[in-house]
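Enquirer: prediction below, plus the sequence it came from.
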Amino acid sequence: MSTSPTRRRRALALLVATVALAATACAAHAPQDSLKPKGPESRYIDARFFPVFWIAVVVFVGVVAAALYCVVRFREREGYEAPRQIHGSLKLEITWAILPAILMLGVGVFSVIGVFHLYRNPSGPRITFQPASASAPAQVSGDVLEVHVIGHRWWWEFDYPNLGSGFDNLDQKPGESLVTAGELHIPAGKMVHLTITSNEPIGSPEGTGPGVEHNFWVPSLAGKIYAVPGHLTHLNLEADSKQITDGHSITYSGQCSEYCGLSHANMRFKVVAQSPADFAAWVANQQGPAKAWSAADQFSDPTAYAGYQLFNGGGGCATCHMVTGTPAAGRVGPNLTHLQARNVFAGAIFALNDNNLRVWLRNPQAAKPGANMRIRKLTEDEITRLIAYLDTLK
Ligand code: CUA
């Protein structure tokens, strides 16, 4: 066999391509690994994935081995004579039609049962919240947490019906839900029943309406499900409660996994699995309104007060954002009433801190391509005031 330069180059290209392909499958600390399930729903999927995978491996190896054997054994040789031509072997034909049919039927039956299991409406009393009293701290009771999930370009809104007083963008009910964005808080060890859709809220710069298709995915906790404009889909997820104690939550990463435009890759979110007591404390804090500012505050906290004025006035922020307990009643962008209770913002692509808020407020579109937050150019002083105000939104 000659080793011409062309052939060597081809071999090298093939080697590089193979290594590149293998390398893309490697990540030391991948936070979005569907092969490391951390809850009963994802474990259910995992338990069905591997049998199918190994059956596929056996079939693949068998077919390739048989093909290679035939290629080598029956290759053209010196003194070659064309084999006897036949019309086929009934026995063989039946065997290789029935075997795969049985295999596919088995896999299919398990898959269909799995689909019904994963998308069932979980039974059990829905989780309700009891505010703190003189005798007991705030707590939750019930087995199933209902959460409304709305995909927007390009961030996720999470509304908890019956747990707050915010405007629910899924059922368009005012004063009914706890409303937050970017971070889905859940009690570990409890089933969470998600009702999912996609829309662009009233007054959106891209036009109020059904929005575009997104896909909700937390690889560690559940499978994927589409967020379809004008349609409701459901997904269940549950996070393991072991290793989670009071004060020690576990955060899982999620991601929009359907291409939805410019910042599709920046449409991420977090799922924070907490102990029931921590979750109750989080709900209790989320239910409270933000501080209602008065003229006296301009002396005690002048920078934040100036920021509050700017937020509700010349900055234009209140047109799109809601801060419960203040005049800000916008429904377009994320509800900011308890911004500082979050660890991330802007589609969960930034850690929430003053530096990142400054980068964001200087130019949202530079920080996140296509961002719908269209603001005028703010001065550095204005940004300082706004951040001082945002820092008060605990
Ligand atoms: Cu939303 Cu991709």
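Expert: Done, it's in.
Enquirer: what about the residue in the stretch 101-250 of the chain that the ligand sits nearest to, how many residues nearby?
Expert: At 3.5 Å from the ligand, H214 is the closest residue in the stretch 101-250 of the chain, using Cβ to the nearest ligand atom. C-beta here means a position set from N, CA and C on the backbone, and glycine is covered the same way. H214: 29 surrounding residues under other Cβ atoms under 10 Å.
Enquirer: who are the contact partners of the nearest residue to it once chain neighbours are set aside?
Expert: Distance criterion Cβ to Cβ, 6 or more residues apart in numbering; nearest residue to H214, sequence neighbours excluded, is G151 at 3.4 Å. By Cβ atoms under 8 Å, 6 or more residues apart in numbering, G151 lies in contact with E157, I196, T197, S198, G211, H214, F216, A227, C256, C260, M267.
Enquirer: likewise H214?
Expert: G151, S198, Y226, A227, C256, E258, C260, M267.
Enquirer: cool, and W293?
Expert: Contacts of W293 (Cβ under 8 Å, 6+ apart): Y305, Y308, T326.
Enquirer: that one belongs to a strand?
Expert: No - W293 sits outside any strand when classified using DSSP: H, G, I helix; E, B strand; the rest coil, being coil.
Enquirer: and it, backbone torsions?
Expert: phi -80, psi 150 (degrees, to the nearest 10).
Enquirer: for the residue of the stretch 101-250 of the chain closest to the ligand, grab phi and psi.
Expert: phi -120, psi 180.
Enquirer: equivalent analysis for A296, please.
Expert: Main-chain dihedrals, A296, degrees, to the nearest 10: phi -60, psi -30.
Enquirer: how deep is S220 tucked in, by neighbour count?
Expert: Neighbours of S220 using other Cβ under 10 Å come to 23.
Enquirer: swap in Y80?
Expert: For Y80, using other Cβ under 10 Å, the count is 9.
Enquirer: now do the SS call for it.
Expert: coil.
Enquirer: before we move on, what about N372?
Expert: N372 - assigned by three-state DSSP - is coil.
Enquirer: about what we covered before: pairing partners for the residue of the stretch 101-250 of the chain closest to the ligand in the sheet, please.
Expert: A227 (DSSP bridges).
Enquirer: show me what from the chain comes close to the ligand.
Expert: G151, W154, H214, C256, E258, Y259, C260, H264, M267 (Cβ under 6 Å from any ligand atom).
Enquirer: and those residues as a markdown table, adding pLDDT and secondary structure?
Expert: Listed next are those as a markdown table, based on pLDDT from 0 to 100; DSSP: H, G, I helix; E, B strand; the rest coil:
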| residue | pLDDT | secondary structure |
| --- | --- | --- |
| G151 | 95 | strand |
| W154 | 92 | coil |
| H214 | 97 | strand |
| C256 | 97 | strand |
| E258 | 96 | coil |
| Y259 | 96 | coil |
| C260 | 94 | coil |
| H264 | 96 | helix |
| M267 | 96 | coil |
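Enquirer: specify which member of the contacts of H214 is nearest to L12.
Expert: E258 (36.9 Å; Cβ to Cβ).
Enquirer: and the host helix or strand of I94, how far out from the chain middle?
Expert: I94 belongs to helix 90-118 when elements are defined using DSSP states H and E. Relative to its chain's centre, helix 90-118 lies at 33 Å (Cα atoms, centre = their mean, to the nearest Å).
Enquirer: which helices and strands sit right next to it?
Expert: Helix 90-118 is packed against helix 40-73, with contacts defined by 3 or more Cβ pairs under 8 Å, 6 or more residues apart in numbering; DSSP states H and E.
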